[in-house]
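Asks: Fold the following and give me the result.
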Amino acid sequence: MRRTMIATSCMLAAVCAGWAPAARGANPMTLKTHEITISGQQIETPILKRRLYPTESELQPGNAATILLRLSWEQTAYFSKVAPTLNEWAEKPLTDPAWKDIESVFSSQFYAEMKRAAYRHDAAWEYPIGEQPLFSISLPDAQDLRRLIGYGLAARIRYHLSRREFDAAREGILVGLANARHCAQTPFLVSQLIASSTINRMFDCCDEMIGQPGSPNLYWALATLPRPMLDLRRALELEQVGLEMSVAGLADLDRPRSTTEWRQLRDELLKWIQSSGATRPDEANRTLNPDELAKYTRVALPNLTGASPAAVAAMSDDEAFVRWFKAEHRRLAEMATALMRLPAVEALPRLHDFDHKAVQELRAAGVPGNMIDVMVWNAVHVPLVIGSLERRIDALRIVEAIRDYMASHEGKLPPNLGDITAVSLPVDPLTGQPFSWKTSGEFGWLTAEAVPGDDKVGPVKYELRAR
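Replies: All right, here's what the predicted structure looks like:
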């Protein structure tokens, strides 16, 4: 796992959350509109009759991770031949006759095991954190489970929707959401972002179910989901010390070292920087030369570490560079981590400002671009991706509130969201502003506007047509 994977995975998860990058030279994002034809459907009583997440009393002791990991070993032929094609089922219309053969695509046995895992209380993945360099730990299991849950389980849910078996489809969504959160029970940001992609796939299934005539109203099932759906605390705290856990020797810089040992430590650090950065095309092949930064690092060290000017003057260039890089990397990581723990609506403007200032200061000091990529890693994308999940839940809540309104108003859409009084309507968690609502005849458009100052997360738009 490398830091460059964080930005890549954020982009991937954000695409699933409702935007996609446009061609070069075009608008940086294209809007994904969720089109649903809806019918009036009252909220049932008891209001929690149909849930989308297990209750605490339903959870059983045990480790979900061992159940999920065993799936790939029990069906190796399936994973080598069928699993790579699972994404194709996401595009098949519900009227396609191929749904009759769903058992060969996602068997009842797979579903039974996934359901068992969904109702387990814990998920302990036992990664060798602290036993090997942190950013060398690979996560192939996370990608396999993303295919199996995000595509395979989604295929089975859509099979039930094709037969209008709503309760079976609803249970499948519950199993998918619970297992996605199990997969996120690792202190890696990459795992959180893979889980966010899977969760969005389950919400796509919610869209389809809501669009079926006679489908149950899921307002309270959505309103009572865990919030936030993904908790970044452990992953962010691990990121703070990720550098020290990846380059041997950095955790203990106060141990006496010879000039040769400082040079060896510097070289190990440079190897890590080269393998973790180099994402800017104009910098990818540039040889990092810490000697070019020697003057800057010596000037910056007293403020960063509290070392006296005399102590800094006695250091070799290699020692000064190593101490400066660790201290500056830690300072930036701590600030980014602290800001990302704030609610998205608070964090986003501050993270934008923080990223911009940090990059400008490092560039002015002559720090090469691929080193900047490692030190300042676009932390703003993380709350955007996680916040997009919360936005999706709240948009679906409003869609279901609209269906409840229609049920008592002759199937007509509400002229204004303020006309809905039976349930509360959330605001957009990314902007803190109300969702907008416009109607024209049998059509209505529910929109959460683009995040100000960001070209990565555009508006989310639901086009609703009254059946």
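
Asks: going forward, measure contacts and count neighbours with C-alpha atoms only.
Replies: Fine.

Asks: Domain boundaries for this structure, per the record?
Replies: 3-237, 244-377 (automatic domain parsing).

Asks: deepest of these, which one?
Replies: Of all the domains of the chain, domain 3-237 has the most neighbours on average by mean count of other C-alpha atoms under 10 Å, namely a mean of 18.

Asks: Make CSV out of the domains of the chain and add mean pLDDT and distance to Ser436.
Replies: Converted to CSV, those look like this (pLDDT from 0 to 100; distance: least, C-alpha to C-alpha, whole Å):
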stretch, mean pLDDT, distance to Ser436
domain 3-237, 81, 14
domain 244-377, 85, 17
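
Asks: List just the one of these that sits closest to Ala407.
Replies: Proximity to Ala407 (C-alpha to C-alpha) singles out domain 3-237 among these, at 4.0 Å.

Asks: if we can go back for a sec, export the domains of the chain as JSON lines, with columns for distance to Phe435.
Replies: Converted to JSON lines, the domains of the chain look like this (distance: least, C-alpha to C-alpha, whole Å):
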{"stretch": "domain 3-237", "distance to Phe435": "15"}
{"stretch": "domain 244-377", "distance to Phe435": "14"}
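
Asks: and of those domains, who's closest to Ala401?
Replies: Nearest of the domains of the chain to Ala401, taken as C-alpha to C-alpha: domain 3-237 at 6.5 Å.

Asks: roughly how far out does the closest one sit from the chain middle?
Replies: 12 Å (C-alpha atoms, centre = their mean, to the nearest Å).

Asks: could you measure the residue of the chain positioned farthest from its centre against Thr439, distance?
Replies: Going by C-alpha atoms, centre = their mean, the residue of the chain most distant from its centre is Ala310, 46.2 Å out. Remark: distance between Ala310 and Thr439 (C-alpha to C-alpha, to the nearest Å) = 71 Å.

Asks: Nearest to Gly444, out of the domains of the chain?
Replies: Once the domains of the chain are compared by C-alpha to C-alpha, domain 3-237 is nearest, at 10.1 Å.

Asks: Nearest to Leu430, out of the domains of the chain?
Replies: That would be domain 244-377 among these, by C-alpha to C-alpha, at 4.9 Å.

Asks: what about the closest one, how long is it end to end?
Replies: Across domain 244-377, first to last residue, C-alpha to C-alpha, it's 17 Å.

Asks: please renumber so the chain begins at 35
Replies: Sure, I'll start numbering at 35, so the last one becomes domain 278-411.

Asks: Helix or strand: which one has Arg192?
Replies: helix 188-196 (DSSP states H and E).

Asks: Pull the residues that contact that helix.
Replies: 120, 123-124, 128-129, 133-134, 136, 140, 200, 202-204, 206-207, 210, 235-236, 239, 242-243, 246 (C-alpha atoms under 8 Å, 6 or more residues apart in numbering).

Asks: cool, stretch 352-369 as well?
Replies: With contact meaning C-alpha under 8 Å, 6+ apart, stretch 352-369 is reached by 273-275, 277, 284, 287, 296-297, 299-300, 303, 324-325, 327-328, 331-332, 334-335, 338-339, 346, 392, 409-410.

Asks: And the helices in the stretch 85-234 of the chain?
Replies: Taking DSSP state H, counting those that start in this stretch, the helices of the stretch 85-234 of the chain run over residues 98-108, 110-115, 136-139, 142-152, 174-181, 188-196, 200-217, 223-244.

Asks: and the third one, what does it pack onto?
Replies: Translated: helix 136-139. Applying 3 or more C-alpha pairs under 8 Å, 6 or more residues apart in numbering; DSSP states H and E, one finds that helix 136-139 makes contact with helix 188-196.

Asks: and the helix it packs on with helix 142-152, angle?
Replies: 110 degrees (axes from the mean of the first three to the mean of the last three C-alpha atoms, to 10 degrees).

Asks: Send over helix 188-196 as CSV, restricted to the C-alpha atoms.
Replies: Listed next in CSV are the C-alpha coordinates belonging to helix 188-196 (Å, rounded to 0.1, in the frame of the first residue of the first chain):
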residue,chain,number,x,y,z
ALA,A,188,-25.5,-6.7,-6.0
ALA,A,189,-26.3,-9.1,-8.8
ARG,A,190,-28.2,-11.4,-6.5
ILE,A,191,-30.1,-8.3,-5.1
ARG,A,192,-31.1,-7.3,-8.6
TYR,A,193,-32.2,-10.9,-9.3
HIS,A,194,-34.7,-10.6,-6.5
LEU,A,195,-35.7,-7.2,-7.8
SER,A,196,-36.4,-8.7,-11.2
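
Asks: Just give the closest residue to Val346, not the sequence neighbours.
Replies: Using C-alpha to C-alpha, 6 or more residues apart in numbering and skipping residues adjacent in sequence, the residue nearest Val346 is Arg332, 6.3 Å away.

Asks: if we can go back for a sec, out of the domains of the chain, the one nearest Gln467 is which?
Replies: The nearest among those, by C-alpha to C-alpha, is domain 278-411 at 9.6 Å.
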